[in-house]
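Enquirer: Everything below, folded, please.
(chains A and B)
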Number of protein chains: 2
Amino acid sequence: MGVKIIEQTESAYSYPLLIKNLLTNSLVRSPDQEIIYRDEMRYTYRDFHRRVAQLANGLKGLGVKQGDTVAVMDYDSHRYLECYFAVPMMGAVLHTVHIRLSPEQILYTINHAEDDVILVNSELVPLLEPIYNKIKTVKKIILIKETDEAPKTAIKFETDYETLVSGSKQTYDFPDFDENARATTFYTSGTTGDPKGVYFSHRQIVMHTFGLMTGLCAYHSQAIMTSKDVYMPLTPMFHVHAWGMPYLFTMLGARQVYPGRYEPAMILKLVVTEKVTFSHCVPTIIHMLVNSPVIKTVDLSTWKVVIGGSALPRGLCEAAMGAKINLYSAYGMSETCPLLTVAHIKPHMESWDEDRQIDIRCKTGLPIPLVDIEIIDPMGDPVAHDGVQTGEVVARSPWLTQGYLKNPEKSEELWQGGWLHTGDVGNIDTEGYLKITDRVKDVIKTGGEWVSSLELEDIASRHPAVSEAAAIGIADEKWGERPIVLIVLKEIYKGKDLEAEIKQAFIDQHDQGNLPKYGIPDKIIFVDAIAKTGVGKLDKKVIRGQYK
Amino acid sequence: MGVKIIEQTESAYSYPLLIKNLLTNSLVRSPDQEIIYRDEMRYTYRDFHRRVAQLANGLKGLGVKQGDTVAVMDYDSHRYLECYFAVPMMGAVLHTVHIRLSPEQILYTINHAEDDVILVNSELVPLLEPIYNKIKTVKKIILIKETDEAPKTAIKFETDYETLVSGSKQTYDFPDFDENARATTFYTSGTTGDPKGVYFSHRQIVMHTFGLMTGLCAYHSQAIMTSKDVYMPLTPMFHVHAWGMPYLFTMLGARQVYPGRYEPAMILKLVVTEKVTFSHCVPTIIHMLVNSPVIKTVDLSTWKVVIGGSALPRGLCEAAMGAKINLYSAYGMSETCPLLTVAHIKPHMESWDEDRQIDIRCKTGLPIPLVDIEIIDPMGDPVAHDGVQTGEVVARSPWLTQGYLKNPEKSEELWQGGWLHTGDVGNIDTEGYLKITDRVKDVIKTGGEWVSSLELEDIASRHPAVSEAAAIGIADEKWGERPIVLIVLKEIYKGKDLEAEIKQAFIDQHDQGNLPKYGIPDKIIFVDAIAKTGVGKLDKKVIRGQYK
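Expert: Now for the predicted structure:
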């Protein structure tokens, strides 16, 4: 480790909140702890620290300087983690390219972010190939070789990642600078118009790391993670810094496993062989795993998974718990870095029966410290926390994006009256739990009333034959809109006529007082698949287009 | 709780790190959790939140405004906790008066801090009485009645605390302001010259709270506390905000117990009846408890105690562990808010035998995240982390005092080259553990070599007959200084001649290569008591005066 030079150019006592300060401790605490990439590679934090310095020196050698933007196109890997630290620590901006966008959209984001350098995995070169000639500001492209085989492409690579890293000096004097300097940028997979860029400063990422830790670790009744956990992301690293978890687990010096591309067999294999105990993903991934034939052959009882990105349907929660996976619901979005709430069980709820506890687990959760959440009505006035009155969810916290990059108009829409407007509809109950009931755009407006599309999907998902469900409003002359529900049946139920039975499930909910009459869907439509966005969420816009 | 007004005067996305933001979450999370004062009073967080608003309204009614200073003279209580929040949250500065200073020194601190209002416990009125007429800036004094009996005094009280609180409005719109605004001030019990004031901003206290949580909670091998712990301070609330713990436990909505003045019987009673699981104190308090006759009658096996303020002597650690108390060593000082290091056991040390683990437990510990520690030689150059080379301990972190209040000269001494100089001598071993070996001022300089007075005290403390030990250097013509050790024997050994036997213990350590020859003390002196400072540390300056 050597010794640090005792020198300080700024006012003596200043200590900016910089990403480099999240890294320091792990080398003192667990230099020999491992970071693992698939079943291909493992090294220690000591190696990691050295390689972060080497990567920074390599990038500096290529001309990268403070304020430049370095784009990464890779699957979840140790290399990506190296970029998470090296790039911002040298004062540059990390652009985590959304590789599930179309090549044209990727081109848009690269030009919009004004990337200077791109690091690209050889398997992702085909995404870059068709747009290569239209890239404006990029000066150098570096190949991340996944295999020894060179990709067939016209793209000229400056060097490859391993050569760049291994050939560079092993120490780097990472500078101090303003904690409000931009550290990262990435683009949301907006379903309308061009992707929008969000961005986070060093201060925001540091504060989010501590917020994340408080939310996941300090509440003992549900101490979801600690430094002893073995971490593996299952939301891509290009997406909101894999929910900021790699920063947290690196700060804690924990064992980390990076799975590359998401293949169910490899994921389950790594969970078992590397003893992964903590992951996070969208419901779709859990859905995929629960329905994988491999799942019955492995013991997942020590695996904790935080679910976010969309509401956790009760049916899926029960199925996962049946497979012994411990699911915890959390809430946030690209614009919020992302964590806002975690569905902790309060101490007095610990004695409740499982059924009531699942109700809580499926809620969006309690705000973590330093997060203020309110529900506002269309006039901008806060509504009561009674678990009934719904409105748009708005938030304040130290780690919310300041706006959309170079997009003052959308930024102004996002921030109104000093609160970030999430675009989600929800309520807060008397215990303080937030429940998201819909997207503002997806809520079904019928006869002047709001029907939550999520609530309809939730009711459908509880039927044993249902694999997936999507509720939308379709235009109706009399009512404005009327709800319909699309359903994908489980394999063994396919071809059966279950329309009446599933419709009855909605009527039952109405009879029990859980659903207003106007919420009972007009139609149940059985389909083979439901359209999804790049990150695996239901693509309501596409679905509405298909069934209008 | 009502609803918050959605309004924001500053730039939309700003979210300053303010103490009020530490408070919010507890009301959502555990409104019915209890805060307890001795065996006299208990109320819920809901009450606490209401009373914080009432106290702020009461103080506002007395004319307190942003930037004013409110002094508190009280024992550890729910009222003090209310002041911890209400005073800084309204934008005023909380001066936690060091009530173990002499009246003259207290007068100095009140005038130096330019206090506007004083809140004083009726039992502490005698401290204020003799200096009342010399107080300069104080406009109003409020009596904290411990009993119904009115204190006999010439002091004119504006009102009493309970009347002030209960008569005031139950909501307060605590404002946003600059996170760098001063939140607290208190004075160190310096043994030379006037007490020196340190001060902390809102940002610093918020960051320290998260640092504290990381240090105590996230490292699972030694997850020292969580929100499920029941907290009781045993370092006074006037001293470095009781190590910042009340801010942490309030943020987590944990159960808290405040013991008033420190009486061993009451402390042990509260530990048992209120099921206290987490405290913190200086070694002296543990020493007092371990030697209390009551200790044998109570089960303390679920009680975790963080030790700081001075090094944890091995003998005391063993004695406490014999009484089943779980001790954890931590390190910090008034100037550092205070936490810098915690003596966590690393995962690979968990399999070590108890003896080796005690070695680690007695070390000063590993820096927590966002704390940088170095050891520098007299030229200001960092020394190697080899567990051998010693020098002054210097630190950087977001939560270090910016200097001494209105004392630029001492502030400059404190901060040199961008690092806070602790005045402690120590080393860092290859595992990264800091060990404090002495105070720069207390180190014994003999024949050009340094002998650690703490090391000598540690060796003495391991002898079964020794209750307390203090090592100092006395002037010597030939060597400059020579070490001597003062010893207080345990009751049952008093009167026995153990000089040769204890001296032999030092010779044995020398023979085993643990102590240089020049470190063997010239004299062992048996005494009835050893002088201590107001916070219970050995008062080396007084001792040196007594034996020069």
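Enquirer: can I get the CA coordinates of stretch A:533-546 in CSV?
Expert: Taking Å, rounded to 0.1, in the frame of the first residue of the first chain, the C-alpha atoms of stretch A:533-546 are listed here in CSV:
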residue,chain,number,x,y,z
THR,A,533,-38.8,-3.1,-22.2
GLY,A,534,-35.0,-3.6,-22.3
VAL,A,535,-34.8,-4.0,-18.5
GLY,A,536,-37.6,-6.6,-18.4
LYS,A,537,-40.5,-4.5,-17.3
LEU,A,538,-43.9,-4.7,-19.0
ASP,A,539,-43.8,-2.3,-21.9
LYS,A,540,-47.3,-0.8,-21.4
LYS,A,541,-46.9,1.6,-24.3
VAL,A,542,-46.2,-1.2,-26.8
ILE,A,543,-49.0,-3.3,-25.3
ARG,A,544,-51.5,-0.5,-25.5
GLY,A,545,-50.4,0.0,-29.2
GLN,A,546,-51.1,-3.7,-29.8
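Enquirer: List the contacts of that stretch.
Expert: A:98, A:100-101, A:189, A:191-192, A:235-236, A:239, A:282, A:284-285, A:309-310, A:439, A:441-442, A:453, A:470, A:472-474, A:486, A:530-532 (CB atoms under 8 Å, 6 or more residues apart in numbering or on different chains). Every C-beta, even on glycine, is put in place using the N, C-alpha and C of the backbone.
Enquirer: A:I487 and A:K523 touch, don't they?
Expert: No - contact criterion CB atoms under 8 Å: A:I487 and A:K523 do not qualify, at 10.5 Å.
Enquirer: More neighbours: which of these two?
Expert: Under the criterion of other CB atoms under 10 Å in any protein chain shown, the comparison of A:I487 against A:K523 puts A:I487 first, with 24 against 13.
Enquirer: Look up phi and psi at the more buried one.
Expert: phi -130, psi 130 (degrees, to the nearest 10).
Enquirer: measure it to A:M245 for me?
Expert: 33 Å (CB to CB, to the nearest Å).
Enquirer: Kindly report the same for A:H287.
Expert: 21 Å.
Enquirer: of these two, who's got more company?
Expert: A direct count of neighbours by other CB under 10 Å for A:H287 and A:M245 places A:M245 higher, at 27 against 20.
Enquirer: residues in contact with that one?
Expert: A:L212, A:Y231, A:P233, A:H280 are the contacts of A:M245 under CB under 8 Å, 6+ apart.
Enquirer: repeat for A:I224
Expert: So A:I224 contacts A:L216, A:C217, A:F278, A:K304, A:V306, A:Y328, A:V342 (CB under 8 Å, 6+ apart).
Enquirer: again, only this time at 10 Å
Expert: Residues near A:I224 by CB atoms under 10 Å, 6 or more residues apart in numbering or on different chains: A:215-218, A:278, A:280, A:304-306, A:326, A:328, A:330, A:342, A:344.
Enquirer: and those, which two are the farthest apart?
Expert: Greatest spacing in the contacts of A:I224, by CB to CB: A:A218 and A:V305 (19.5 Å).
Enquirer: Neighbours of the closest residue to A:S310 other than its chain neighbours, how many?
Expert: Take A:S310 and drop its neighbours on the chain: the residue closest to it by CB to CB, 6 or more residues apart in numbering or on different chains is A:K537, 5.3 Å away. Neighbours of A:K537 under the rule other CB under 10 Å: 16.
Enquirer: what about A:K537, distance to chain B?
Expert: 25 Å (CB to the nearest CB, to the nearest Å).
Enquirer: got it, and A:I142?
Expert: Distance from A:I142 to chain B, by CB to the nearest CB: 31 Å.
Enquirer: And A:E129, by the same measure?
Expert: With CB to the nearest CB as the criterion, A:E129 and chain B are 38 Å apart.
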